[in-house]
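Enquirer: Using only what follows, build the 3D model:
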Amino acid sequence: MKRSVCIILLAIVVISSITCYITKSKNNDNQVTLNVYNWGEFISDGSDGSLDVNKEFTKLTGIKVNYSTFQNNESLFAKIKNGGTKYDVIIPSDYMISKMIENDMLAKIDFNKISNKFYIDKTFENPVYDPKNEYSVPYVWGTIGIIYNKKYVKEEEHEIDWNILWNEKYKSKILMFDNPRDSFAISQFALNLPVNSLNEDDWEKTAEKLKQQKPLVQAYVMDQIFDKMGNEEAYLAPYYAGDAMNLVKKNKNLKFTIPKSGTTKFVDAMCIPKSCEHFDEALEYINFMCIPRVSKANYEKTGYFSPEETVRSSCELSPEEIKIQKKIEDSKTNLQVFNNLPDVLNKKVEDLWVVIKVGKEGKMSDLILVILLLLTTYGLIVILKNRKSKRYIS
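Expert: Residues are numbered from 1 along each chain as shown. Next comes the predicted model:
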């Protein structure tokens, strides 16, 4: 009898173990992977002893994170619009959020599931780009300034303004943004024009100034700036303050300043595309990002300001960072924020940008001529090869 009972108990244990194993395997197979799309160099990733935010999220929730990056708002918009890849959480900038809302590309956020939103400052509520607080949760904010190499740029810091990017003595050592909105804004500040002008003539003037600058520009870049400025291939470049400060920390010859004529302020926020496949998990990720220790890790690693005052006040800043913060405060009178432009102006800006990058309008015909010549040459090569083959056959 005892032996029968033991056999039955052993059988129960074995069956239970097998059931647990099958259930666990099934759960692993069904584990959700969240697709997150963010700017490059824009998260605490575990390097240099920092918190690996995405790994921490997986550890706490069991949800995997497939994390990829983009270089500018325009490429983000195009990718989401084309629908080639489905993302669950994206982090665009203010004006692009507004554009995506207008294009019905974003899902409304269920703020009942974003309990950590109360950590975010009230000053970030009801922004122009999301006036009803329905589609976005602030991630970081920042400004744009100029990085320069003091070995080669001899102007005093207080003398450096946007017009230095048009100085011919730095020809081929100047970098420029590879996106239209930031590049146009720099030209607008140099011309003392508003960055959200609704006057088409203002945009024509701005484009003309950028065309004048083009012969001086070594390259139009985004993330490539880290290598080019770090390796001293270029001496001057506009860039976002957080990344710029990180570059300055790594190269003693680099300095960063906010131009006295003013600059732009941007807010990058977390959104959920309508094409999202894991809505509840996306909400969980956004809520996790608002936890102060996570927001602080991102602030310390990226150099971009947290929208949470408690986080900002708890971080130790370098003297250089304190100086930049003061400059931002001082430039508040001319700290402009991008608005989404009307469709007709957006199209005009895109067209003007293509002309700036490609060259004068007349050069388009030259490009077509080159293509025709190449096609003709290719055709002649094919004909000669066929004749040669026929000779060998005969």
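Enquirer: Need the three-state assignment for Gly142.
Expert: strand (DSSP: H, G, I helix; E, B strand; the rest coil).
Enquirer: got a list of what it touches?
Expert: By C-beta atoms under 8 Å, 6 or more residues apart in numbering, Gly142 lies in contact with Tyr240, Ala241, Gly242, Lys265, Phe266, Asp268, Tyr304, Phe305. No exception for glycine: its C-beta is placed from N, CA and C like everyone else's.
Enquirer: do that again at 6 Å, thanks
Expert: Tyr240, Ala241, Gly242, Tyr304, Phe305 (C-beta atoms under 6 Å, 6 or more residues apart in numbering).
Enquirer: Those residues in helices, which ones?
Expert: Under the assignment DSSP state H, these contribute Ala241, Gly242 to helices.
Enquirer: Please pick the buried ones from the contacts of Gly142.
Expert: Tyr240, Ala241, Gly242, Tyr304, Phe305 (16 or more other C-beta atoms under 10 Å).
Enquirer: Which of the residues you listed sits closest to Asn35?
Expert: Nearest to Asn35 out of the buried ones among the contacts of Gly142 is Tyr304 (C-beta to C-beta; 22.3 Å).
Enquirer: Which helix or strand lies directly C-terminal to the host helix or strand of Glu208?
Expert: Per DSSP states H and E: Glu208 is located in helix 200-213. Using DSSP H and E, the helix or strand that follows helix 200-213 towards the C-terminus is strand 217-221.
Enquirer: Please, where are all the helices along the stretch 201-350 of the chain?
Expert: For the stretch 201-350 of the chain, the helices defined by DSSP state H, counting those that start in this stretch occupy 225-230, 241-250, 279-289, 292-302, 309-314, 319-330, 343-358.
Enquirer: ditto for the stretch 51-200 of the chain
Expert: In the stretch 51-200 of the chain, the helices defined using DSSP H, counting those that start in this stretch lie at 53-61, 73-82, 94-102, 180-190, 200-213.
Enquirer: thinking again about what came up before, could I get the contacts of Gly142 as TSV with distance to Tyr37 and pLDDT?
Expert: Formatted as TSV, the contacts of Gly142 follow (distance: C-beta to C-beta, whole Å; pLDDT from 0 to 100):
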residue	distance to Tyr37	pLDDT
Tyr240	18	94
Ala241	22	91
Gly242	19	90
Tyr304	17	92
Phe305	21	91
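Enquirer: Max pairwise distance over the contacts of Gly142: which two?
Expert: Greatest spacing in the contacts of Gly142, by C-beta to C-beta: Tyr240 and Phe305 (11.1 Å).
Enquirer: ok so, going back, between the buried ones among the contacts of Gly142, which sits nearest Tyr87?
Expert: Nearest member of the buried ones among the contacts of Gly142 to Tyr87, counting by C-beta to C-beta, is Tyr304, at 20.8 Å.
Enquirer: hang on, the earlier thing: could you dump the buried ones among the contacts of Gly142 to a markdown table with distance to Phe338?
Expert: Formatted as a markdown table, the buried ones among the contacts of Gly142 follow (distance: C-beta to C-beta, whole Å):
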| residue | distance to Phe338 |
| --- | --- |
| Tyr240 | 13 |
| Ala241 | 16 |
| Gly242 | 17 |
| Tyr304 | 16 |
| Phe305 | 17 |
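Enquirer: quick one: which of those residues is nearest to Thr61?
Expert: For those, the nearest to Thr61 is Tyr304 (24.5 Å; C-beta to C-beta).
Enquirer: Correct me if wrong: the closest one contacts Gly242.
Expert: Yes. Contact status for Tyr304 versus Gly242: in contact at 3.6 Å, counting by C-beta atoms under 6 Å.
Enquirer: Noted, bye for now.
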